[in-house]
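**Q** Need a 3D model of the following:
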Amino acid sequence: MKTTIQELDGNMVAFLEGSLDTSVVPETEKAMSPLYDCDKDIIIDCTDMNYISSGGLRIFLGILKKAQGKGKHVYIKGISDDVRAVFAMTGFTHLFEFK
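**A** Presented below is the predicted three-dimensional model:
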């Protein structure tokens with residue numbers, strides 16, 4: 001799993017590549033930690049992410065809760081059909097905004 005975070009057009013954007021499975025959750029959470037404290041809208045670009053585990057969903061939810069507490073938005077971009085199915089099964093499609 002590769003995680004890259006950049007500031008683009010006034011937003012913080014996290015680019016995720018690979019599988020966000022249980023084995024990489026700790027390192028991915030650490031890599032995404034700047035998003036917990038940022039004061040900008042967040043875009044999580046999942047274009048190159050092919051799998052997400054419950055641990056990965058937990059990271060996304062933690063980021064969402066922190067952002068909402070600051071009045072900011074979290075957008076999910078480029079989600080595959082397989083990952084969207086996981087979001088739908090868990091009700092996450094009702095929590096996040098999609099681009």
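**Q** Okay, strands next: where are they in this protein?
**A** 2-8, 11-20, 42-52, 74-77, 97-98 (DSSP state E).
**Q** Tabulate those (TSV), appending mean neighbour count.
**A** All C-beta spots, glycine's among them, are computed from the backbone N, C-alpha and C. What follows is those, written out as TSV (neighbours: other CB atoms under 10 Å):
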stretch	mean neighbour count
strand 2-8	13
strand 11-20	19
strand 42-52	19
strand 74-77	18
strand 97-98	12
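**Q** between those strands, which gets nearest to residue 33?
**A** strand 2-8 (9.4 Å; CB to CB).
**Q** quick one: that closest one to chain centroid distance?
**A** 11 Å (CA atoms, centre = their mean, to the nearest Å).
**Q** Can you tell me the strand partners of that strand and which way each runs?
**A** Taking DSSP bridges as the criterion, strand 2-8 forms sheet pairs with strand 11-20 (antiparallel).
**Q** any idea of the angle the strand it pairs with forms with strand 42-52?
**A** Computed by axes from the mean of the first three to the mean of the last three CA atoms, to 10 degrees, the angle separating strand 11-20 from strand 42-52 equals 10 degrees.
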